[in-house]
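K.L.:
Pasted the sequence and its predicted model underneath.
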Amino acid sequence: MDDIGNRIKEIRRSLKLTQAELGKHAGDLSKSAVHQWECGDTKPAWEALTALRKSLGINPDWIMRGEGTMLSRQEDTNTTPTSEPGADGLPFSGMGLTTQQRALLGNFERMTADQKADFLRESDNIKRNNEKIIEELTRKRSSNGNGS
C-alpha cells in the first residue's frame with residue numbers, strides 16, 4: 001500500500017466513514033474506487049480531491065504529497081466562493097475570482113519554480129504583443145476617423 005492509500009484510510013477512519021460514504025463525498029464514487037485508492041491500485045483524480053476538499057475540508061496536498069495538515073483551514077471550508085473552483089485546489093475561497101482565474105492560479109501553484117519563471121516570461125511577452133496590437137489598431141482607427 002502506498003502513502004496516498006494510507007492517508008486516505010487515515011482520513012476515512014478519523015472521520016468514521018465507510019468506503020462508500022467517503023466515495024459519496026468524493027463525487028459520488030463507488031466503494032470500490034475508494035478501496036482501490038487505499039490499496040494503492042489507483043490514485044484519486046483531481047475532481048475527487050476537489051470534491052473532498054469542498055465536502056469535508058480535506059487538504060488535497062496532504063492526500064497526494066503528505067504536505068500540510070489533513071484538514072484545510074476551518075474558514076476555507078465554511079465559505080462558499082462566488083465562482084465554482086473547478087480543479088484548482090487553491091487554499092482560499094477566491095471571492096471575486098472567475099473559474100478561469102482560479103484554474104490558472106491552481107495550475108500555477110502546481111508548477112516548479114523554473115516552470116513558473118518560464119510561464120511569467122511568456123505571459124509578459126503575450127501582454128506586450130497584445131498592447132502593440134491595440135496601439136496599432138488605435139492608430140489606424142484614429143487615422144481613418146481623421147481622414148473621413
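P.N.:
Arrived safely, thanks for sending.
K.L.:
Point out where this structure drops to low pLDDT.
P.N.:
1-2, 73-97, 99, 145-148 (pLDDT under 70).
K.L.:
Could you rerun that using 80?
P.N.:
1-2, 72-103, 106, 145-148 (pLDDT under 80).
K.L.:
next one: the longest helix seen in it to chain centre, how far?
P.N.:
In the chain, ranked by residue count with DSSP state H as the criterion, the top helix is helix 113-147. Mean-position distance between helix 113-147 and its chain equals 29 Å (C-alpha atoms, centre = their mean, to the nearest Å).
K.L.:
and this protein, what are its domains?
P.N.:
1-78, 80-110, 113-148 (automatic domain parsing).
K.L.:
With mean neighbour count as added columns, please give the ones you listed in TSV.
P.N.:
In short, each C-beta sits where N, CA and C put it, glycine included. Shown next, in TSV, are these (neighbours: other C-beta atoms under 10 Å):
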stretch	mean neighbour count
domain 1-78	17
domain 80-110	16
domain 113-148	10
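K.L.:
Give me the three-state assignment for D28.
P.N.:
coil (DSSP: H, G, I helix; E, B strand; the rest coil).
K.L.:
which ones are touching it?
P.N.:
Not one residue lies near D28 by C-beta atoms under 8 Å, 6 or more residues apart in numbering.
K.L.:
helix or strand right after the host helix or strand of A33?
P.N.:
Element membership for A33 (DSSP states H and E) is helix 31-39. Once the chain leaves helix 31-39, the next helix or strand it forms, by DSSP H and E, is helix 46-56.
K.L.:
following that next one, which helix or strand shows up next?
P.N.:
Note on helix 46-56: by DSSP H and E, the next helix or strand toward the C-terminus is helix 60-65.
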